[in-house]
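Undergrad: Everything below, folded, please.
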Amino acid sequence: MALRTNGFEFLGVVDPDAMGPDAAPSLKLPLLLAGVQAGFPSPADDFIDKRLDLNEQLIKHPAATFFVRAVGDSMLGAGIHDGDLLVVDRALEPCAGKVVMAAIGGELTVKRLERKGERLFLAPANPDYPSFDVTAREDFEIWGVATHVIHKL
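TA: Numbers count the residues shown, from 1 in each chain. Got it, this is the predicted structure:
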């Protein structure tokens, strides 16, 4: 199930219990415990050491976590590209330096939270975009902290 709003596509909940009794079980994929060489691979590493569940690796608070697709290039310097999938955790405390998903005047955005003295800003990771002073805005709300970004190569 996907919900689109203001350029963001919400890709559903992560907690299988929140999806009901017909939810699919967690998918565990193969994981090689040995590191991967950027050069010639070692034949001794041609085996699977265990199974990897991406939920265990990417999600700390399943009931409070959701996925959203990024739109635009304002966060390129943070490694977030147009079309990337963000993992956002609503249970984490938003603090200065974290990348957060927030609503300003009803519009959703992903920016880095910055504090300068007593003032609070949402700052892009691209010099082509301005920061937003959200210190006194009543139409500002943080929806969660982005914990991971997934993008295609």
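Undergrad: any idea what Ala96 is structurally, helix, strand or coil?
TA: Classification of Ala96 using DSSP: H, G, I helix; E, B strand; the rest coil returns coil.
Undergrad: Which pLDDT value belongs to the closest residue to it other than its chain neighbours?
TA: Nearest non-adjacent residue to Ala96, counting by C-beta to C-beta, 6 or more residues apart in numbering: Arg115, 4.2 Å away. (Glycine included, C-beta is placed from N, CA and C.) What the model reports as pLDDT for Arg115 is 96.
Undergrad: any idea how far Leu54 is from Arg115?
TA: Arg115 is 33 Å from Leu54, where distance means C-beta to C-beta, to the nearest Å.
Undergrad: cool, Glu138 as well?
TA: Remark: distance between Glu138 and Leu54 (C-beta to C-beta) = 38 Å.
Undergrad: got it, and Ala125?
TA: 25 Å.
Undergrad: in stretch 111-119, what counts as buried?
TA: The neighbour-count check on stretch 111-119 (16 or more other C-beta atoms under 10 Å) flags Lys111, Arg112, Leu113 as buried.
Undergrad: among those, which are in helices?
TA: The helices in this structure, assigned by DSSP state H, contain none of the buried residues of stretch 111-119.
Undergrad: which among those gets closest to Lys98?
TA: Here the nearest of the buried residues of stretch 111-119 to Lys98, counting by C-beta to C-beta, is Leu113; it sits at 5.4 Å.
Undergrad: residue contacts, the closest one?
TA: Residues in contact with Leu113 (C-beta atoms under 8 Å, 6 or more residues apart in numbering) are Pro94, Cys95, Ala96, Gly97, Lys98, Val99, Val100, Leu120, Phe121, Leu122, Ala123, Ile142.
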